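Could you work out the structure for the sequence below:
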Amino acid sequence: MFIATLIASDRLEAGDLSSAQDKLRDAGCSPGEAVMLETGRAVDLTFATTPDAARSALEGAFAGVDVVVQPAANREKKLLVADMDSTMITVECIDELADYAGIKAQIAEVTEAAMRGELDFAEALDARVALLKGLGADAIDRCLAERVRLMPGARMLIQTMKARGAATILVSGGFTRFAQPVGAQIGFDRVIANELLIEADALTGTVTKPIVDSSTKETTLLNAMAELGLPASATMAVGDGANDLAMIKQAGLGVAYHAKPIVAAVAGARIDHGDLTALLYAQGIARAEWIEG
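I've put the predicted structure just below:
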């Protein structure tokens, strides 16, 4: 048995449910019952066969509606590994930090290319951090206070999953000075990120090695699965950039969140319209069961 979850960023229209069932029927998916997760916002549609056909039939068929298609078994996850920048928070920290050095445009261009998978992540990070050499360390705290904002739904997602027994890990190619307070604010169990080196109250233009990169994220997921004795089907990974691809491919449900095309093209699920609470609907957790963030 499979489930297609329709998640509206605004509201599901009156005819969307029947239209979706018709599309599943026309695709040969043998649709079954519908279960409302929140009236007017999210609904589960069960069906019997051909999930790829269901995905093709439903994705993009309804304006402002995300569609998650997956097996019904092990739908609620017991491990979440998440990216930070542009996933759990609304900005890329290195770009915003660069603004305090007056070089945001220069660094943001490299960040965007790296996230699209056009540059080696570690090399691109080293190059960008080198440009920050000499920037006062106080800029980090200013940036954190003035620029860094949680992605809508971040705390609700993590708090609800933790309350239901899931483990949560924030693993970022960004920096500990941002990731640790962000992780604590949201409620992650563990935080992994790169450490900016500072001497005489200024950035040295380097980070500690080895760099937290795509392979680190993948290894973090695999090691946590082993530690917790979980099958891949009980795990979820979410991110937006090319350095998230490896962990997204390994997870039972790999989610491309408002992601670059290279990630959206291969992830098991895409969230293009909604906020992070879409990942609760995707697990079949009804709105009434969420823990307020």
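
which ones are touching residue 158?
Residue 158 makes contact with 80, 168, 186-188, 293, according to CB atoms under 8 Å, 6 or more residues apart in numbering. Heads up, the C-betas are built off the backbone N, CA and C, glycines and all.

Go through those residues and single out the one with the most neighbours.
residue 80 (27 neighbours; other CB atoms under 10 Å).

mind checking pLDDT for it?
Here, the pLDDT recorded for residue 80 equals 98.

Locate it within the secondary structure: which element?
Taking DSSP states H and E as the definition, residue 80 sits inside strand 79-82.

what's downstream of that strand, the next helix or strand?
Toward the C-terminus, strand 79-82 is succeeded by helix 93-99 as the next helix or strand (DSSP H and E).

to the chain's geometric centre, what's the distance from the biggest helix by length in the chain?
Longest among the helix segments of the chain by residue count, using DSSP state H, is helix 214-228. Relative to its chain's centre, helix 214-228 lies at 16 Å (CA atoms, centre = their mean, to the nearest Å).

ok, back up a step: export the strand holding residue 80 to CSV, keeping only CA atoms.
What follows is strand 79-82, C-alpha atoms only, in CSV (Å, rounded to 0.1, in the frame of the first residue of the first chain):
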residue,chain,number,x,y,z
LEU,A,79,15.6,9.7,12.7
LEU,A,80,15.8,13.1,11.0
VAL,A,81,19.1,14.5,9.7
ALA,A,82,18.8,18.1,8.5
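
What lies in contact with stretch 222-230?
For stretch 222-230, contacts defined as CB under 8 Å, 6+ apart pick out 78-79, 81, 167, 169, 231-232, 235, 250.

same deal with stretch 256-271?
The contact list for stretch 256-271 (CB under 8 Å, 6+ apart) reads 7, 59, 66, 68-70, 83, 86-87, 115-117, 238-242, 244-245, 248-249, 251, 253-255, 272, 276, 278-279, 282.

Could you list which of the residues you listed belong to strands?
Counted as lying in strands by DSSP state E, out of these, are 7, 66, 68-70, 238-239, 253-255.

Quick check: the farthest pair among the residues you listed?
Pairwise distances among the ones in strands among the contacts of stretch 256-271 were taken by CB to CB; the largest, 19.4 Å, belongs to 69 and 239.

who has more neighbours, these two?
Taking other CB under 10 Å, residue 69 and residue 239 do not tie; residue 239 has more neighbours (33 against 24).

was I right about residue 137 contacting residue 202?
Yes - Residue 137 lies in contact with residue 202 (CB atoms under 8 Å); the separation is 6.1 Å.

Which segments of the protein make up each domain?
Domain assignment for the chain by automatic domain parsing gives 1-73, 76-293.

Compute the first-to-last residue distance for the shortest one.
Which is domain 1-73. 8 Å (CA to CA, to the nearest Å).

Repeat that for stretch 236-250.
Taking CA to CA as the measure, stretch 236-250 stretches 9 Å from start to finish.

What of stretch 183-190?
Taking CA to CA, stretch 183-190 runs 8 Å from one end to the other.

what sits up against that stretch?
By CB under 8 Å, 6+ apart, stretch 183-190 touches 82, 84, 88, 150, 154-155, 158-159, 162, 167-170, 191.

Likewise for stretch 31-44?
If you take CB under 8 Å, 6+ apart as the criterion, stretch 31-44 is touched by 1, 3-8, 11-12, 17, 21, 24-25, 45-48, 278, 281, 284-287.

Report the buried members of those residues.
The neighbour-count test (16 or more other CB atoms under 10 Å) marks 3-8, 12, 21, 24, 45-47, 278, 281, 284-285 as buried among the contacts of stretch 31-44.

between these, which is nearest residue 126?
Closest to residue 126, out of all of these and judged by CB to CB, is residue 278, at 34.4 Å.
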